[in-house]
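>>> coordinates only, sequence not included:
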Ligand code: TNX
């Protein structure tokens, strides 16, 4: 009885300072935000509950708890049996509401003592908790009550992505990147609601994925890289670990074996594959377009059946990337024959192909996705035949281009790409004659001729990758450079907390 009285006096109403949910610098900007100007005080008594029908929702709850701990030090229980009346709760709910029109859509209702996150799928819930993470302030308020409160502005957010595919590509072939480096990259991508990581696993300079039936690919083909440095490869166990880590972040891994060009490392390992008529030797330069598989040999296709089969077996995602770019020494008829044969092998192993835009010269299946990097006519032709298009135009999305003339890393062949140029365009209007319904999404490639570690990777990818996240997710009217650059400036606490070596462009007044 004594306690009852005490508890009641403790529970006197807190008067929160006025907040505005619409001015929090969220990236990507949500479809709809309505502010109700009060606050949810995140504190140690906050408990996370999740829908338990789908265990993946509970995993999302645990991920949120872990990230809240990292940012605030608060250790929030997930789905604990309440011993008392729960004071404040975050509820992550599976909902079949018709307003949630896509798998990654979510609704966030923030009230004074509860936060409700609705999503149809765990992927939607995962996107929603990224918004919630961005809503938690860096500093707690320590004066409103006897313990610290992290004030989250109240209101509601209704959100869904513009495009189903929002990806980044990392070239681990020109220079190898370790499992930990790739994981850190994924952590950041996940925070900005990316859902795909394309790994460019093979090229002239190196083969980076273990193939058990063809061991020399990594025994020999993984020993080189650009400049002759440290090199390396992913064992299948490493790759599975990356796939698992990605899945935890609702990210799909797309593996690429680039062919019939960009195959010198494979041909060095097994010379019968070579089709350019010259002796093969290890290559650690940066030229392109000199290598090719022999498109006429059956043995090449049985080799590829094994390679694609082994990788497909450890890839839960729907896609297998067959490359197909810059096969300058493959005869055109051989190239077409090759693409059509390989596409069938990929289908046989239960995957859909993605290929660089050159593959549209072949008679490709409508299930095959064309990744547009340089020639829009290829994309519009493929779209007419029912293929979906992934937008990766070099002059806009190539994260390996220098920002400006003083950039530390990067190439320049597609032009300089400062942060505003990278942001100031729309995937849906970039290519004349390409209907928006044909666009699967956007992907920003990071080729690695000039970088070999996280510092270089982060310098080129950030902040540009943050802008691509918004172009792939947010509605057209929300993609506005002046508004975006202010929100980008506010990412500094996160970029610092993650120790990201971003390029501090002068185009942004960094906070
Ligand atoms: C072109 S884009 C390439 C890559 C290079 C890149 C460098 C594409 C499909 N092929 O092989 O790494 O340029 O920017």
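That came through, no problem. Computed from a prediction, not measured in an experiment: that's the story for all the values here.

>>> mind telling me what element the nearest residue in space to residue 421 that is not next to it in sequence is part of?
Spatial nearest neighbour of residue 421, excluding adjacent residues (Cβ to Cβ, 6 or more residues apart in numbering): residue 396 at 7.3 Å. C-beta here means a position set from N, CA and C on the backbone, and glycine is covered the same way. Following DSSP states H and E, one finds residue 396 within helix 394-397.

>>> what's opposite residue 256 in the beta bridge?
Residue 256 has these beta-bridge partners by DSSP bridges: residue 200, residue 321.

>>> read off the pLDDT value for it.
Residue 256 carries a pLDDT score of 98 in this model.

>>> you'd agree it is up against residue 201?
Yes. In this structure, residue 256 is within contact of residue 201 by Cβ atoms under 8 Å, at 5.7 Å.

>>> tell me which of those two has more neighbours.
residue 256 (28 against 23; other Cβ atoms under 10 Å).

>>> who's in contact with the more buried one?
169, 198-202, 321-323, 354 (Cβ atoms under 8 Å, 6 or more residues apart in numbering).

>>> between these, which is closest to residue 186?
Nearest to residue 186 among those: residue 199, at 10.7 Å, using Cβ to Cβ.

>>> up against the ligand, what does this protein have?
By Cβ under 6 Å from any ligand atom, the residues of the chain that approach the ligand are 288, 325-326, 356, 373, 398, 400, 411, 447, 449.

>>> ChimeraX command for the buried members of the residues you listed?
Buried residues within those, by 16 or more other Cβ atoms under 10 Å, are selected in ChimeraX with:
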select :288,325,326,356,373,398,400,447,449
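
>>> now render the residues of the chain next to the ligand as JSON lines, adding pLDDT.
Formatted as JSON lines, these follow (pLDDT from 0 to 100):
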{"residue": "288", "pLDDT": "97"}
{"residue": "325", "pLDDT": "98"}
{"residue": "326", "pLDDT": "97"}
{"residue": "356", "pLDDT": "98"}
{"residue": "373", "pLDDT": "98"}
{"residue": "398", "pLDDT": "98"}
{"residue": "400", "pLDDT": "98"}
{"residue": "411", "pLDDT": "98"}
{"residue": "447", "pLDDT": "98"}
{"residue": "449", "pLDDT": "98"}
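
>>> go through the residues of the chain next to the ligand and flag which are in strands.
Among these, the residues falling in strands (DSSP state E) are residue 356.

>>> so residue 399 is in contact with residue 444, correct?
Yes. Between residue 399 and residue 444 there is a contact at 5.2 Å, judged by Cβ under 8 Å.

>>> so which of these two has more stuff around it?
residue 444 (27 against 24).

>>> pull the contacting residues for the more buried one.
Contacts of residue 444 by Cβ under 8 Å, 6+ apart are 167-169, 392, 397-399, 461, 464-465, 468.

>>> now do residue 430 against the ligand, distance only.
Computed as Cβ to the nearest ligand atom, to the nearest Å, the residue 430 to the ligand distance reads 16 Å.

>>> give me the number of residues near that residue?
Residue 430 is flanked by 19 other residues according to other Cβ under 10 Å.

>>> how about residue 243?
19.

>>> related to what we said a few turns ago, so which of the contacts of residue 444 comes closest to the ligand?
residue 398 (5.7 Å; Cβ to the nearest ligand atom).

>>> my read: the closest one touches residue 460, true?
No. The criterion here is Cβ under 8 Å, and residue 398 misses it with residue 460 at 9.4 Å.

>>> which strand or helix spans residue 443?
Per DSSP H and E, residue 443 falls inside strand 439-446.

>>> how far away from the center of its chain is that strand?
9 Å (Cα atoms, centre = their mean, to the nearest Å).

>>> before we move on, what about stretch 358-368?
Its chain's C-alpha centre and that of stretch 358-368 lie 25 Å apart, by Cα atoms, centre = their mean.

>>> can you check stretch 486-496 too?
Worked out by Cα atoms, centre = their mean, stretch 486-496 lies 19 Å from the chain centre.
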